[in-house]
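Undergrad: What follows is a predicted protein model with its sequence.
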Amino acid sequence: MADAPILAMRGLAAGYGGRPVVGGIDLTLHRGEVLGLLGANGSGKSTLIRAITGQLPAMAGSVTVGGVAMAADPVAAKAKLGLAVDAPDVPAALTGRQYLELVASIRGCAPDAWPAGDMVALLQFRPWLDRPVASYSLGTRMKVSIAAALLGAPPLLIFDEALNGLDPVVAFAMKQLLGTLAAAGHAIILSTHVVETVPVVCTRALFLADGRIAGAWDSAELAAASRAPGDFERAVMAALSLHGARAA
């Protein structure tokens, strides 16, 4: 019998002010899968992530995380996921260490309970650990956000533009980390505009347009694309052109 999915969405619709931004989303994600989430600004990626993480209630359909329905028990469902928040959302008044301690206290774990080694060392922000987040660059804020998302080793990990602002060495380490986490049984969503990264680190990919799934690539297609990444980029650019890339 196949493992139950870590994430399941059925007919999901979500939006603001009674107006749906995403709709008709059906998706399952299992352990070991890395899903690349692609789309133009305004395509609905951020809204979808907010619905998955319970920040935005579903207008229709359902979200289940680790077998727990978000609508029925949001606290238990949220405990099964880790979200690397947008860099500007990391509290500026705290130090990096204090932010990690805060997230750990909410998760009920130690502030260094990571599933894949010392994230402070891997992401190279130890010199900044006891400085205020307000003094951090965008990239350093992202590093702390990634480290916080991994605390307690939740089965579902969501990285929204997590490669933004990272220097090349840490970006490379982050790509390797995604593979390590997938091999350890985590299910991962990577929302990104760095199209060329997707065939290298993801096992599946979806393209959103106007709040709907407008394209999909399976593991075999991405494996082939990793050998000819220019072809994948051209396919994504063609999809953007077809559906009309627009500003957020």
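TA: On my side now, so go ahead. Numbering: from 1, shown residues only.

Undergrad: How far does stretch 53-63 sit from its chain's centre?
TA: For stretch 53-63, the distance from its own C-alpha centre to the chain's C-alpha centre is 16 Å (Cα atoms, centre = their mean, to the nearest Å).

Undergrad: which of the residues in it are buried?
TA: Buried residues in stretch 53-63, counted by 16 or more other Cβ atoms under 10 Å: T53, G54, L56, A58, M59, G61, V63. All C-beta spots, glycine's among them, are computed from the backbone N, C-alpha and C.

Undergrad: Convert the C-alpha atoms of it to PDB, please.
TA: C-alpha atoms of stretch 53-63 as PDB (Å, rounded to 0.1, in the frame of the first residue of the first chain):
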ATOM      1  CA  THR A  53      -0.200  26.900   5.600                       C
ATOM      2  CA  GLY A  54      -3.500  27.900   7.100                       C
ATOM      3  CA  GLN A  55      -2.800  31.700   6.900                       C
ATOM      4  CA  LEU A  56      -5.700  32.000   4.500                       C
ATOM      5  CA  PRO A  57      -8.900  29.900   5.000                       C
ATOM      6  CA  ALA A  58     -10.100  27.800   2.100                       C
ATOM      7  CA  MET A  59     -13.200  29.200   0.300                       C
ATOM      8  CA  ALA A  60     -13.800  25.800  -1.100                       C
ATOM      9  CA  GLY A  61     -12.200  22.400  -1.100                       C
ATOM     10  CA  SER A  62      -9.800  21.100   1.500                       C
ATOM     11  CA  VAL A  63      -6.100  21.000   2.600                       C
END
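
Undergrad: got a list of contacts for it?
TA: Residues outside stretch 53-63 that contact it (Cβ atoms under 8 Å, 6 or more residues apart in numbering): 7-16, 18, 20, 23, 25, 47, 50-52, 69-71, 74, 77-78, 81, 83, 158.

Undergrad: Adding secondary structure and distance to L94, write the buried residues of stretch 53-63 out as a markdown table.
TA: A markdown table is the format used below for the buried residues of stretch 53-63 (DSSP: H, G, I helix; E, B strand; the rest coil; distance: Cβ to Cβ, whole Å):
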| residue | secondary structure | distance to L94 |
| --- | --- | --- |
| T53 | coil | 21 |
| G54 | coil | 23 |
| L56 | coil | 25 |
| A58 | coil | 31 |
| M59 | coil | 34 |
| G61 | strand | 36 |
| V63 | strand | 29 |
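
Undergrad: Tell me the pLDDT of L56.
TA: You'll see L56 listed with a pLDDT of 94.

Undergrad: and the contacts of stretch 53-63, which of them are in strands?
TA: 7-16, 20, 23, 25, 69, 81, 83, 158 (DSSP state E).

Undergrad: of those, buried ones?
TA: Of the ones in strands among the contacts of stretch 53-63, these count as buried by 16+ other Cβ under 10 Å: 7-9, 12-15, 20, 23, 25, 81, 83, 158.

Undergrad: I'd like these as TSV, with distance to A223 and pLDDT appended.
TA: As requested, these are exported to TSV (distance: Cβ to Cβ, whole Å; pLDDT from 0 to 100):
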residue	distance to A223	pLDDT
L7	22	98
A8	25	98
M9	25	97
L12	28	97
A13	32	97
A14	32	96
G15	35	95
P20	34	94
G23	31	95
I25	25	96
L81	27	97
L83	28	96
I158	23	97
